[in-house]
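> Here is a sequence together with a model predicted from it:
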Number of protein chains: 2
Amino acid sequence: MLSKKTRYAFRALSYLAENYGGGPVLISEISKEKKIPLKFLENILNELKKANLLESKKGKGGGYFLKLSPKKINLATVIRVINGPIALLPCVSLNFYEKCEDCDEEICGIRKVMTITRDVTLKILEKKTLYNIIHASV
Amino acid sequence: MLSKKTRYAFRALSYLAENYGGGPVLISEISKEKKIPLKFLENILNELKKANLLESKKGKGGGYFLKLSPKKINLATVIRVINGPIALLPCVSLNFYEKCEDCDEEICGIRKVMTITRDVTLKILEKKTLYNIIHASV
DNA sequence: TTGATATCCTACCATTTTAGTAGGGGAAAG
DNA sequence: CTTTCCCCTACTAAAATGGTAGGATATCAA
Ligand code: FES
Ligand code: FES
């Protein structure tokens, strides 16, 4: 399951997506509007910024805004930044690969199934963007 | 990601699947053969038993064995027993549903995408069985 | 150039989950 | 009636989760 933090990230990004092109949005506004603890949200937005999904401006008139168009930010990217691996096993992860101890990848049947699972999951999560989730006719 | 415990469960079940029909298998044998800490494995097998996937016999000649044929135990079931929900969000889970606070399910775009994701994932995990993972031509 | 505004950064903290360990109780076979 | 083996409760260390606190730093505007 995705962490609460990741769900917060999606909610915040939805808000920013809705305001795309409208200048910087205050953390405090997002916090209030989307009911996300302010200091926790601060942290989340900063991580998204470091991952190059957001930009920010300090001082009066400052705030956060999307660096890319909502159509160009897919859900897989967001999950990877905030939540970590999407695959169900480390030995199957594209971005966070780790070898399984005591298990031979060549013949491992569990791994094969999890690879298929990862592929179908990614096919959706990489295709769906912030634009899709704010214009939710799926 | 699946917990280490879940991976242990799969390994243990694979072993039991390979020995299906051959009488009870000792915990200590599985532990040794699959390199799983014995006392931890004890715990895992017991949970699988309570979930009606395994049966056990005490005393000499005892041990654990599959209650059903390997073709009848699918991976989704095992994951649910040991790991919990398969869906990425509680509001999308079929077996562990919980409402999301501060979010309207009717219009929530995130939920819609996660529902699709859950469906394709389940389609695989419910179809693939222990039999598939021990005869791993996928 | 100074003050107000807002993000940035470091560190801390409580609670829960994970990954085990320890030790004995109790059924069954022989 | 003893050995074998599962069953059960309780404990624990370490990590992850879900936050808070407080100040540093950048920017704008009077
Ligand atoms: S190689 Fe990763 S589970 Fe077997
Ligand atoms: S309803 Fe669950 S994320 Fe919106």
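Happy to help now that I have it. Ligands and ions are numbered 1, 2, ... in the order given.
> Helix or strand: which one has residue A:59?
Counting by DSSP states H and E, there is no helix or strand that carries residue A:59.
> typed the wrong thing, it's residue A:55
Using DSSP H and E, residue A:55 maps to strand A:54-57.
> Now do that strand, average pLDDT.
For strand A:54-57, mean pLDDT is 98.
> Could you see whether DNA strand C lies near whatever helix or strand comes next after that strand?
Downstream of strand A:54-57, the first helix or strand assigned by DSSP H and E is strand A:63-66. Yes. Against DNA strand C, strand A:63-66 shows contacts by CB under 7 Å from any atom of the strand at A:63, A:64. No exception for glycine: its C-beta is placed from N, CA and C like everyone else's.
> so does strand A:63-66 get close to DNA strand D?
No. Looking at strand A:63-66 against DNA strand D by CB under 7 Å from any atom of the strand, there are no contacts, and the closest approach is 11.2 Å.
> ok, and what's touching the helix or strand that that strand is followed by?
Proceeding C-terminally, strand A:63-66 gives way to helix A:75-82 as the next helix or strand, assigned by DSSP H and E. By CB atoms under 8 Å, 6 or more residues apart in numbering or on different chains, the surrounding residues in contact with helix A:75-82 are A:2-3, A:5-6, A:9-10, A:13, A:44, A:47-48, A:51, A:53, A:86, A:95-96, A:122, A:125-126, A:128-130, A:133, B:113.
> Just the ones in helices from those residues, please.
A:5-6, A:9-10, A:13, A:44, A:47-48, A:122, A:125, A:130, A:133, B:113 (DSSP state H).
> could you redo the residues you listed as a markdown table and give each row neighbour count, pLDDT and distance to ligand 2?
Formatted as a markdown table, the ones in helices among the contacts of helix A:75-82 follow (neighbours: other CB atoms under 10 Å in any protein chain shown; pLDDT from 0 to 100; distance: CB to the nearest ligand atom, whole Å):
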| residue | neighbour count | pLDDT | distance to ligand 2 |
| --- | --- | --- | --- |
| A:5 | 15 | 98 | 13 |
| A:6 | 21 | 98 | 10 |
| A:9 | 24 | 98 | 12 |
| A:10 | 24 | 98 | 7 |
| A:13 | 28 | 98 | 13 |
| A:44 | 23 | 98 | 16 |
| A:47 | 14 | 98 | 20 |
| A:48 | 24 | 98 | 18 |
| A:122 | 16 | 98 | 20 |
| A:125 | 22 | 98 | 15 |
| A:130 | 28 | 98 | 14 |
| A:133 | 23 | 96 | 9 |
| B:113 | 24 | 98 | 10 |
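> Format those residues as CSV; extra columns: distance to residue B:31.
Formatted as CSV, the ones in helices among the contacts of helix A:75-82 follow (distance: CB to CB, whole Å):
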residue, distance to residue B:31
A:5, 36
A:6, 36
A:9, 41
A:10, 42
A:13, 46
A:44, 42
A:47, 41
A:48, 44
A:122, 35
A:125, 37
A:130, 48
A:133, 46
B:113, 41
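> No further queries at this time; thank you.
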